[in-house]
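Student: Show me how the following folds:
(3 chains)
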Amino acid sequence: MLSVKDLDVRYGQFRAVRDVSLEVQQGETIALIGANGAGKSTMLRAIAGALPIHSGTLSFKHRTMTHLPSCDRVKHGLSLVPEGRRLFAEMTIEENLLLGKSVNRSGDWDLDRVFETFPNLVKRRHAKAGSLSGGEQQATAIGRSLMSNPELLILDEVSLGLSPLVVDQVYASIETLRETGTTIILVEQALDRAITFAKRAICMLEGRIVLDKPTENTNRDEITQAYFGLQENAPQEVS
Amino acid sequence: MINSLVQAILLGGYYALIACGLAFMFQVMRIINLAHGSLAILSAYMVWMMTEALALSPFTSLLMVLPIMAMIGWLLQRAILERATKGGELLPVLSTFGLSIVIDNLLFQHFGANTRTLASYVGDLSWESYQLFDLWIGKLPILIFATAIIVIGGLDLVLRFTSLGRQIRATAFDPDTAGLVGIDARKTAAIAAAIAMMTVAISGSALGLRGTFDAYAGAPQLLFAFEATIIGGVGSLWGVLLGGIILAIAQSVGALIHPQGFLLGGHFVFLLFLFARIYLNRDFLTLRHWLGNKSKGESL
Amino acid sequence: MSIKRSNAYSKVTIMAVMLLLMVLVITPFTASDNVLERLTVLFIYIIMAAMWNTLAGFGGLVSIGQQLFFGLGAYATIRLAHLGMPPFVAVFIAAVLVGLLSWPISKFMLRLKAAEFGIGMWVLASVGHLLVNLDPLIQGETGTSLISLNAYQIETRRVLIYLAALICMSGLLIGLFYLLRSKAGIAMQAIRDNEEAADSIGVDAQTVKKWFFIFAAFGTAVAGALWLAQASSFQPKTYFSVQWTAYMIFMVLVGGIGRFEGAILGALLFFAVETWFADTGVWYLVGLGAVAVLCSLFLPKGLWGAIESRLGLRLIPVGYQVTEETLKPIKS
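Tutor: Just a heads-up that it's a prediction; the model follows:
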């Protein structure tokens, strides 16, 4: 459903993502793993349209959208929950959620269903997003993305800065999402949780994909080695 | 005394009307449009032309000018502002200032040096008054003041309670994330510019109804709008109304003190507010502040 | 890779500038009155453009109110001459006084950002205009003249004003040259070229901006005072007109904002345009505005910027030049 070919993303002269190719099938759950600065967020932001793609192509549901603005990608069902939540702090939870409806995609998700999925938000419905706790913010950010009824949901740093209890809650809600057939890509630093949740693991190192396997065919050690670039067949750095 | 205070407050309504479009654009796009005043004069001329050519009431003409100005706003955003904002914060200033020169001089080229007014097309309205106790209050200034309240209130309601308003606020707060949420930031900005230009059309007509205007009257209108916005505290539309009133009162007081003090009074109060905004809660009265950086400066 | 301060072009430039200066100094003895007067105007334009460029191109401050200093320079000259000061001394002292006045103004105005600073300066210019109008000596908008200039014979006066303008222009350009080559000036150019560099350079940008502001105020006041000397009459409305700033913006935008040579090129172009098209009246102003808009949108570095990047040409070495390829990131 998502097809990335030879993707190159740059910050000025710096190649943050180098020649990445990736195929994602409908209904997959993928954990994206890698150290800070490995290019995960950069790649996801480029896929979502928040960063320009330097070269390579991106297509989603057989539609090329390499240079489409981000709002049009949302319109076609591709939604990113950005790292750090990026809520509109001056607006209430409800307003933040309603903004997710801007593209008017039809589907099951509406205010009621989001509040059903994240019951902790109901009470704070009219509170300013800036005043929320980390867990509430993350729930709002996910809810905001869901309001656009995405077919592919990308979650960048799902559990960053959340207490273990809240992380459990968040994963429980993503679990229900998966059951509805939504394709999910998520970035998770906690390796164990990533492997248990996702069916496929992708590990990035210095802007490249160094490992891409179903989680049942790999193990913690292999991923850790890829994470630090200790694999024998790891590509050599050029510069 | 009370009479001139009431007059001043009503004049403040006009200032608020011309300022709210400027403040709106500043809030949404972080741009101060230096062609704001010139565009108001442009719409005043358009209303005048339609009124004259089609023998309409200025109010009907205004209704026809509104969509034209909305289109100009859309074009302004798409053709100039969008491109200029990408090049940093200086280019919007330069390009809109250049635009104001173009508009002013085109108007002068076409309409010449004679002043125009819309007052002569509204019959009694321009001089009729309500009597309230001992006060005579002009109908037209009341109408303009009420319009200011309606326009500002309308903008406020749109921003607060409509989907478009939410999208405008979200785009103003963080355009990148707004895009990720599915908001077309370019379209939203263009719509906001169109709305702002409609308020400009209304304020241009108000100016024409109040008195006379000529091709170069845009610059003072821009300064009034800017002063009212700053006095009202940037970032609040209702503040603009208050700012307009304070500006008008200051001008009236200035005029009382000295026959040429009208504009000066307004400028001084504006500078005072600016000063307060910059230095409030600071140790600006201490000598250290004024001489503090000196040693660094001399190392040049 | 090597970093140089001057290059072969610059050495040629210095020779050429010296030669040009010599020619300009002896011009009064050969050229016609008309040429002399036009050249005086050109020198004033170059001063104005260079000063606005100092502010906007190097200091990042777009002021729409430089007519404040232009008008005050002329006004102070009138006032000082009225006190009995010889006119050419008055021109200089007036500019110094305006420069001093700009110091407290800078304290205040430099706290404003972008457009707020720009329009704030415009308001200040309006305040200056209105206050000058209150001076009985000026007689409101009627204005007055620099009568003491009549002490000189008309030919002598023309040559003196020409030489004064030439000296002022050369002095200010040399001053600007050294200001830009100072440590702080280099830092400001680095900041202009790369915003992120601002923090790492360790120069207080605010202090440097203040000096640029004061220098520009002084120079613009010189231009105003010189304009008064060559026009001899003073009407507040003319001198405090925003048109002066519009001219400055046009010259700098077209020539190349933030390029030392750009301001001079812009002034030459403006001078040529004015000479040929001023007869078209208002259309000429429409054209200026339109060109300013187009330049700011499509040619943000101006003509000189385009020439520079096309040919790698740099006549006046105010910045560092890095030759060879772009720096490669060093990996440990």
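Student: for B:Leu107, what are its contacts?
Tutor: B:Leu107 is in contact with B:Ser38, B:Ile41, B:Leu42, B:Tyr45, B:Ala215, counting by C-beta atoms under 8 Å, 6 or more residues apart in numbering or on different chains. The way it works is simple: take the backbone N, C-alpha and C, and place the C-beta from them, glycine included.
Student: Please work out the average pLDDT along the one helix or strand it maps to.
Tutor: According to DSSP states H and E, B:Leu107 maps onto helix B:90-111. Mean per-residue pLDDT for helix B:90-111: 93.
Student: Only the buried residues of stretch C:15-28, if you could.
Tutor: C:Leu24, C:Thr27, C:Pro28 (16 or more other C-beta atoms under 10 Å in any protein chain shown).
Student: Extract the C-alpha set from stretch A:221-234 and format it as PDB.
Tutor: Extracted in PDB, the C-alpha atoms of stretch A:221-234 (Å, rounded to 0.1, in the frame of the first residue of the first chain):
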ATOM      1  CA  ASP A 221      20.300  -9.700  19.800                       C
ATOM      2  CA  GLU A 222      20.100  -9.400  16.000                       C
ATOM      3  CA  ILE A 223      18.200  -6.200  16.300                       C
ATOM      4  CA  THR A 224      20.600  -4.800  18.900                       C
ATOM      5  CA  GLN A 225      23.500  -5.600  16.600                       C
ATOM      6  CA  ALA A 226      21.800  -3.800  13.700                       C
ATOM      7  CA  TYR A 227      21.000  -0.900  16.000                       C
ATOM      8  CA  PHE A 228      24.600  -0.300  16.700                       C
ATOM      9  CA  GLY A 229      25.900  -1.300  13.300                       C
ATOM     10  CA  LEU A 230      27.700  -4.400  14.400                       C
ATOM     11  CA  GLN A 231      26.300  -6.700  11.700                       C
ATOM     12  CA  GLU A 232      28.900  -8.300   9.400                       C
ATOM     13  CA  ASN A 233      27.000  -7.200   6.300                       C
ATOM     14  CA  ALA A 234      26.300  -3.700   7.600                       C
END
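Student: In that stretch, which residues are buried?
Tutor: Under the neighbour-count criterion of 16+ other C-beta under 10 Å, stretch A:221-234 has A:Glu222, A:Ile223, A:Gln225, A:Ala226, A:Tyr227, A:Gly229, A:Ala234 buried.
Student: Can you tell me which of the residues you listed is nearest C:Ile78?
Tutor: Among the buried residues of stretch A:221-234, A:Gly229 lies closest to C:Ile78 (C-beta to C-beta), at 75.9 Å.
Student: Where does the nearest residue to C:Tyr45 once chain neighbours are set aside sit, in terms of helix or strand?
Tutor: Once flanking residues are discounted, C:Tyr45 sits nearest to C:Ala267: 4.3 Å by C-beta to C-beta, 6 or more residues apart in numbering or on different chains. Element membership of C:Ala267, judged by DSSP H and E, is helix C:260-277.
Student: ok, the nearest residue to C:Gly281 once chain neighbours are set aside to chain A distance?
Tutor: Counting by C-beta to C-beta, 6+ apart, the nearest residue to C:Gly281 once its immediate chain neighbours are dropped is B:Gln109, at 8.0 Å. Going from B:Gln109 to chain A by C-beta to the nearest C-beta, to the nearest Å gives 40 Å.
Student: for the chain, what are the low-confidence residue spans?
Tutor: Here I'm looking at chain A. Where chain A drops to pLDDT under 70, the residues are A:231-239.
Student: hmm, I had chain C in mind actually
Tutor: In the predicted model of chain C, residues C:1-9, C:191-203, C:312-332 satisfy pLDDT under 70.
Student: Strands along that one, start to end?
Tutor: For chain C, the strands defined by DSSP state E cover C:3-4, C:144-145, C:233-234, C:321-322.
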